[in-house]
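Colleague: Predicted structure and sequence below. I'll ask about it afterward.
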Amino acid sequence: MTTNSQNPETIGLHGGTFRRDESQTSVAVPIHQTTSYQFNSAEHAGNLFGLKEFGNIYTRIMNPTTNVLEERVAALEGGVAGLCVSSGQAASAFTVQNLCNAGDNIVASTDLYGGTVNLFNNTLKQMGIEVRYADPVDPKNFEKVSDEKTRAYYAETLPNPSLRVFPISEVAEIGKSKGIPLIMDNTACPVICKPIEHGAAIVMHSLTKFIGGHGTSIGGIIVDSGKFDWSKNKKRHPNIWEPDPSYHGAVWGDAVPQLTGANIPYIIRARVVLLRDLGSAISPFNAFQIIQGLETVTLRMKQHCSNAEKVKDFLSKHDKVQKVIYSTLHKGEVGQRAKKYFNGGNGALIGFELKGGLEAGKKFIDNLKMLYHVANIGDARSLAIHPASTTHSQLSEKDQIAAGVTPGYVRLSIGIEHPDDIIADIDQALSA
Ligand code: PLP
């Protein structure tokens, strides 16, 4: 069933073409724990390898369990096709590598997850791919650092620790006028934000977080909107418009619409070239686990977000708290972006600065009894971390401040427990 028009509660359970397992009629998505698939004939095998028809070849490139997850998340995001990979980190790398070769660049938001910054500043740099940064406080900053070698814009919907909502449509519009696609990491905002509706060309998630939701499995996904005009500036996208020697000179921008009837050369190339060659496949078991999370993610997001509002209100009145950082609390236009881009909640992530600085931050963490002290977000359980003494401790104090991490900053990922119990634990830890 094509389900992009249904509501997210329904898509989580029914999105995509899976209705039942056709061999055994099971309703729950089966785990197809297989490496390979028996071909019908020599001709069938030849057609699959030659991309004359699509079908299962080998689990490094596709798998029926994973396919259900790909179709459902694509439907949830309002996209046309998805590609799962082994982690959110692999998804971030693929989104860029799919368009960039040595000598190319992308322009990324200054507000990014630290793992993405490491990837961009080190590994991609070593591959000859340059990442330039633009402060999203003013969307025009993206235009200022773009040139003819800029292959993509890259940003997060709700990056931490700053928790400034990204100006999606403003930057997407700048990109469209130049033929530059906007890639959005929507990890922190499934259901509450749909970047494709605001003009993003590509959306990715770390499935490890809110979509999986139970802290059991690592995974990532890339979703193609099917809406980006790759032909606007063909010179800008050699990977889409130049012949691919690894497929007898296929030109993805021409071949994929002919073969599939859809404008998805980007996601097909990512699968049949990058996943084939780099091999960062998700395991079918992890795909199954993440599907269980996807089925209830809409319910959980409602509870995550309503709990977070209550925690934010509690912290805003607490005398040991100097400042609360939340999507809706920023001054001026940045603070209005949550209203523009979010629907059904303002996110589960909260930051707050303790008046007592570094020592108070560490003490708060040590006194928590229920909240977990982990370097993660998006679990059903409430989580806390003190970045200055952990995730950002290798940075100088100046760089920490530039990243939005003051000595007393604590990051919370609010879970789905009863809000009174979350607040009670934070309260006792603040008073201890
Ligand atoms: N993107 C964001 C916003 C993240 O928070 C993370 C992980 O924390 C990642 C990407 C990387 O995801 P993974 O841990 O699944 O590799």
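Modeller: That came in fine, so what should we check first?
Colleague: which residues of the stretch 151-300 of the chain fall in helices?
Modeller: 168-178, 238-241, 252-260, 265-269, 276-278, 284-294, 297-316 (DSSP state H, counting those that start in this stretch).
Colleague: and the residue in the stretch 101-250 of the chain that the ligand sits nearest to, how many neighbours?
Modeller: With CB to the nearest ligand atom, the shortest gap between the stretch 101-250 of the chain and the ligand falls at Ser206, namely 3.1 Å. (Each C-beta comes from the backbone N, C-alpha and C, glycine too.) Other residues near Ser206 number 28, with proximity taken as other CB atoms under 10 Å.
Colleague: Quick check: which of the helices of the stretch 151-300 of the chain is nearest to the ligand?
Modeller: For the helices of the stretch 151-300 of the chain, the distance to the ligand is smallest for helix 284-294, at 10.4 Å, taking CB to the nearest ligand atom.
Colleague: ok, stretch 161-172 near the ligand or not?
Modeller: No: Stretch 161-172 is not in contact with the ligand by CB under 6 Å from any ligand atom; minimum separation 11.3 Å.
Colleague: Stretch 181-192 too?
Modeller: Yes: Stretch 181-192 reaches the ligand (CB under 6 Å from any ligand atom) through 185, 187.
Colleague: Name the residues of the stretch 301-432 of the chain found near the ligand, please.
Modeller: Ile377.
Colleague: Now do the buried residues in stretch 176-196.
Modeller: Within stretch 176-196, the residues scored as buried using 16 or more other CB atoms under 10 Å are 176, 178-196.
Colleague: Need the distance between the two termini of it.
Modeller: Stretch 176-196 has an end-to-end distance of 13 Å (CA to CA, to the nearest Å).
Colleague: just how off-centre is it within its chain?
Modeller: 9 Å (CA atoms, centre = their mean, to the nearest Å).
Colleague: Now for this protein, the helix or strand with the poorest mean pLDDT.
Modeller: Least confident helix or strand of the chain, by mean pLDDT, DSSP states H and E, is helix 397-402 with a mean of 84.
Colleague: Pull out the buried residues from that helix.
Modeller: Gln400.
Colleague: Can you tell me what sits against that helix?
Modeller: 387-388, 392, 406-407 (CB atoms under 8 Å, 6 or more residues apart in numbering).
Colleague: cutoff 6 Å now
Modeller: With CB atoms under 6 Å, 6 or more residues apart in numbering as the test, helix 397-402 has contacts from His392.
Colleague: helix or strand right after it?
Modeller: Next in sequence after helix 397-402, counting helices and strands by DSSP states H and E, comes strand 409-413.
Colleague: which other helices and strands contact that following strand?
Modeller: Secondary-structure packing of strand 409-413 (3 or more CB pairs under 6 Å, 6 or more residues apart in numbering; DSSP states H and E): strand 349-354, strand 383-385.
Colleague: rewinding a little: enumerate every residue touching the residue of the stretch 101-250 of the chain closest to the ligand.
Modeller: If a contact means CB under 6 Å, 6+ apart, then Ser206 has 88, 187, 220 as its contacts.
Colleague: Filter the residues you listed down to the ones in strands?
Modeller: Residues of the contacts of Ser206 located in strands (DSSP state E): Gly220.
Colleague: Tabulate the contacts of Ser206 (TSV), appending pLDDT.
Modeller: Shown next, in TSV, are the contacts of Ser206 (pLDDT from 0 to 100):
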residue	pLDDT
Gly88	98
Thr187	98
Gly220	98
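Colleague: Buried by neighbour count: which residues of stretch 222-236 qualify?
Modeller: 222-228, 230, 236.
Colleague: tell me which of the residues you listed is nearest to Glu148?
Modeller: Arg236 (7.1 Å; CB to CB).
Colleague: wait, isn't the closest one in contact with Gly175?
Modeller: No: judged on CB atoms under 6 Å, Arg236 makes no contact with Gly175 at a distance of 10.4 Å.
Colleague: Make JSON lines out of the helices and strands packed on strand 409-413 and add mean neighbour count and mean pLDDT.
Modeller: Shown next, in JSON lines, are these (neighbours: other CB atoms under 10 Å; pLDDT from 0 to 100):
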{"stretch": "strand 349-354", "mean neighbour count": "24", "mean pLDDT": "97"}
{"stretch": "strand 383-385", "mean neighbour count": "23", "mean pLDDT": "97"}
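Colleague: Using JSON lines, lay out these together with distance to Thr116.
Modeller: Listed next are the helices and strands packed on strand 409-413 as JSON lines, based on distance: least, CB to CB, whole Å:
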{"stretch": "strand 349-354", "distance to Thr116": "16"}
{"stretch": "strand 383-385", "distance to Thr116": "17"}
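Colleague: ok, Ser5 - how many residues close by?
Modeller: Residues near Ser5, counting by other CB under 10 Å, number 9.
Colleague: what residues go with each domain of the chain?
Modeller: Annotated domains of the chain cover 8-293, 297-431 [automatic domain parsing].
Colleague: most neighbours per residue, which of the ones you listed?
Modeller: Highest mean neighbour count of those: domain 8-293, a mean of 20 (counted as mean count of other CB atoms under 10 Å).
Colleague: That one: how far from the chain's middle?
Modeller: With CA atoms, centre = their mean, you get 9 Å for domain 8-293.
Colleague: do stretch 377-385 as well
Modeller: That offset, for stretch 377-385, works out to 17 Å (CA atoms, centre = their mean).
Colleague: so who does the residue lying closest to Arg132 once chain neighbours are set aside touch?
Modeller: Leaving out its chain neighbours, the residue that sits closest to Arg132 by CB to CB, 6 or more residues apart in numbering is Val145, at 4.5 Å. For Val145, the contact set (CB under 6 Å, 6+ apart) comprises 107, 132, 134.
Colleague: Report the separation between Val145 and Leu182.
Modeller: 15 Å (CB to CB, to the nearest Å).
Colleague: Identify the bridge partners of the closest residue to Val374 other than its chain neighbours.
Modeller: The spatial neighbour of Val374 that comes closest, neighbours along the chain excluded (CB to CB, 6+ apart), is Leu383 at 5.3 Å. Per DSSP bridges, the residues bridged to Leu383 are Tyr372, Ser413.
Colleague: Distance of Leu383 relative to the ligand?
Modeller: Leu383 sits 11 Å away from the ligand, going by CB to the nearest ligand atom, to the nearest Å.
Colleague: low-confidence ranges in the stretch 1-150 of the chain?
Modeller: 1-3 (pLDDT under 70).
Colleague: repeat that with 90
Modeller: The model of the stretch 1-150 of the chain has pLDDT under 90 over residues 1-5, 50-54, 114.
Colleague: Name the SS class of the residue of the stretch 251-400 of the chain found nearest the ligand, please.
Modeller: Nearest residue of the stretch 251-400 of the chain to the ligand (CB to the nearest ligand atom) works out as Ile377 at 5.7 Å. In three-state terms, and counting by DSSP: H, G, I helix; E, B strand; the rest coil, Ile377 is coil.
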